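just the structure for this:
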Amino acid sequence: MGKTWAVIKREYLERVRSKWFVIATLFGPLLLATMMIVPAWLSLRSGGIADLSETVIVDASGAGLGDRLADALATGSARMRSRPQVRVVSPDEVAQAESLLTRDVVQRVHSGYLVVDRETLAGERARYAGRAATSLPAIDRLRTTVRNVVMAARLETAGIDPEVARNMTILPLRLESERITERGRGGSGRVNAIFSFGLAFLLYMSILLYGQAIMRGVMEEKQTRVAEVIVSSLRPDALLAGKVLGVGGVAFTQITVWVVAGWVMATFRAPIFAALGLPATPMRLPELSITFGLLLLLLFALGFIFYAALFAAVGSMVNTDQEAQQAATPLMMLVIFAALFIQPVLFNPSGTLAQWVSLLPFSAPILMPVRLATVQVPWVEIIAGLLILAASCAIAVWVAARIYRVGLLMYGKKPTLREVARWVRYA
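Presented below is the predicted three-dimensional model:
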């Protein structure tokens with residue numbers, strides 16, 4: 001045990017003292033701060049939505065729909081510099097008007113144009129072309145405004161008072177969602193969903209990056225013949241355990257720094273934004289229990305050991321970087337496959353698909369925390385997932401230790417699957 005601890009200490013300190021570890025650890029909070037501050041600053045500078053005041057409304061409806069839209073756009077946005085220009089044309093003149101306005105948009109005379117006609121009045125379609133076509137908020141605002149104006153016009157045609165029609169069609173409703181668990185109210189559902197996605201992505205990146213780091217470390221020791229010296233005084237399986245646990249400690253340290261930095265930024269987001277002159281509302285953090293933290297730590301530890309042992313086995317089998325990339329492809333595909341289910345699990349965390357993928361050993365470390373952070377997972381499923389993952393982890397370590405024991409001292413050509421199976425059977 002003393003020699004294994006020496007390997008753990010060496011692997012941990014060697015990586016933690018590296019300047020690249022320090023840079024990567026500090027880069028995470030800096031990137032998070034940049035993602036929080038820069039979009040808000042750019043939104044403030046640009047007003048948050050593309051200016052539609054230079055949009056020309058081509059009205060071929062014959063019912064004054066263009067003037068209604070211009071008034072609605074001008075009064076519904078505080079940053080509209082002027083009322084949009086309206087050009088009333090006949091249905092036969094629409095194509096010519098579009099051609100001329102396209103030239104004006106190219107020459108930056110106007111920012112775009114919106115065509116409304118009788119099909120728009122019938123509630124079927126309207127057409128926009130311009131520089132704001134890629135601005136989702138601007139297009140959403142145009143769509144909402146056209147829908148409300150058309151509905152108001154149709155209600156007035158049916159004999160309803162214009163003021164009543166306006167009050168009936170303009171409903172600035174905001175829907176807030178709150179999670180309820182067996183312990184009661186559990187905070188904002190949207191915040192929990194964002195937290196779950198970030199957590200899954202963090203676990204995915206940690207397993208993928210540090211698993212490959214173990215593989216390259218084993219391969220380098222094998223290439224430089226350092227492994228021969230170490231194995232002479234230490235059992236290969238003890239060396240494997242030391243490497244996995246040491247690098248796992250490095251990953252846990254880095255994740256802890258990132259999580260703490262994220263919590264600090266989220267907690268003090270409002271005063272930071274206020275000091276920078278940016279508008280912000282306090283961010284509600286998800287309510288997490290000690291049980292959730294312990295389950296998360298256990299899932300991460302088992303999942304990391306599962307993948308790290310297999311990556312170490314791959315590193316002991318190969319001799320070059322090209323061989324390592326080819327041999328590690330199946331393991332990387334398993335991690336990527338698990339990450340592909342993050343969004344479906346977020347959409348329906350209680351569904352059958354979410355239940356099954358959170359029980360599979362290669363996806364449980366990433367997807368089970370997503371379910372735990374979004375819904376109340378039955379304890380039967382949690383225990384079943386942990387038992388399956390623990391059993392798979394034990395099998396992976398058993399197989400990896402036997403491959404590692406033989407492959408670490410094997411040089412020359414890349415072994416075949418039959419030879420690897422022979423190593424596992426006779427090691």
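
could you pull out the helices for the stretch 201-350 of the chain?
226-231, 236-267, 269-275, 290-317, 321-340, 342-347 (DSSP state H, counting those that start in this stretch).

tell me the most buried of those?
Greatest average neighbour count among those goes to helix 290-317 (a mean of 21), per mean count of other CB atoms under 10 Å. All C-beta spots, glycine's among them, are computed from the backbone N, C-alpha and C.

out of the helices of the stretch 201-350 of the chain, flag the one nearest residue 391.
Nearest to residue 391, of all the helices of the stretch 201-350 of the chain, is helix 290-317, at 10.0 Å by CB to CB.

quick one, that closest one and helix 321-340 angle?
160 degrees (axes from the mean of the first three to the mean of the last three CA atoms, to 10 degrees).

tell me what helix 290-317 is packed against?
Under the contact definition 3 or more CB pairs under 8 Å, 6 or more residues apart in numbering; DSSP states H and E, helix 290-317 sits against helix 189-223, helix 236-267, helix 321-340, helix 364-374, helix 379-407.

avg pLDDT for it?
Averaging pLDDT along helix 290-317 gives 85.

cool, stretch 372-391 as well?
Mean predicted confidence for stretch 372-391 is 88.

may I have that stretch as PDB, with CA atoms only?
Extracted in PDB, the C-alpha atoms of stretch 372-391 (Å, rounded to 0.1, in the frame of the first residue of the first chain):
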ATOM      1  CA  LEU A 372     -30.800  13.500 -10.000                       C
ATOM      2  CA  ALA A 373     -30.600  17.300 -10.600                       C
ATOM      3  CA  THR A 374     -33.900  17.500 -12.500                       C
ATOM      4  CA  VAL A 375     -36.300  15.000 -11.100                       C
ATOM      5  CA  GLN A 376     -36.800  12.800  -8.000                       C
ATOM      6  CA  VAL A 377     -35.200   9.500  -9.100                       C
ATOM      7  CA  PRO A 378     -36.500   6.400  -7.200                       C
ATOM      8  CA  TRP A 379     -34.000   4.900  -4.900                       C
ATOM      9  CA  VAL A 380     -34.500   1.600  -6.600                       C
ATOM     10  CA  GLU A 381     -33.100   3.000  -9.800                       C
ATOM     11  CA  ILE A 382     -30.300   4.800  -8.000                       C
ATOM     12  CA  ILE A 383     -29.100   1.700  -6.100                       C
ATOM     13  CA  ALA A 384     -29.500  -0.400  -9.300                       C
ATOM     14  CA  GLY A 385     -27.400   2.100 -11.300                       C
ATOM     15  CA  LEU A 386     -24.700   2.200  -8.600                       C
ATOM     16  CA  LEU A 387     -24.500  -1.600  -8.300                       C
ATOM     17  CA  ILE A 388     -24.300  -2.100 -12.000                       C
ATOM     18  CA  LEU A 389     -21.600   0.600 -12.300                       C
ATOM     19  CA  ALA A 390     -19.600  -0.800  -9.400                       C
ATOM     20  CA  ALA A 391     -19.700  -4.300 -10.800                       C
END
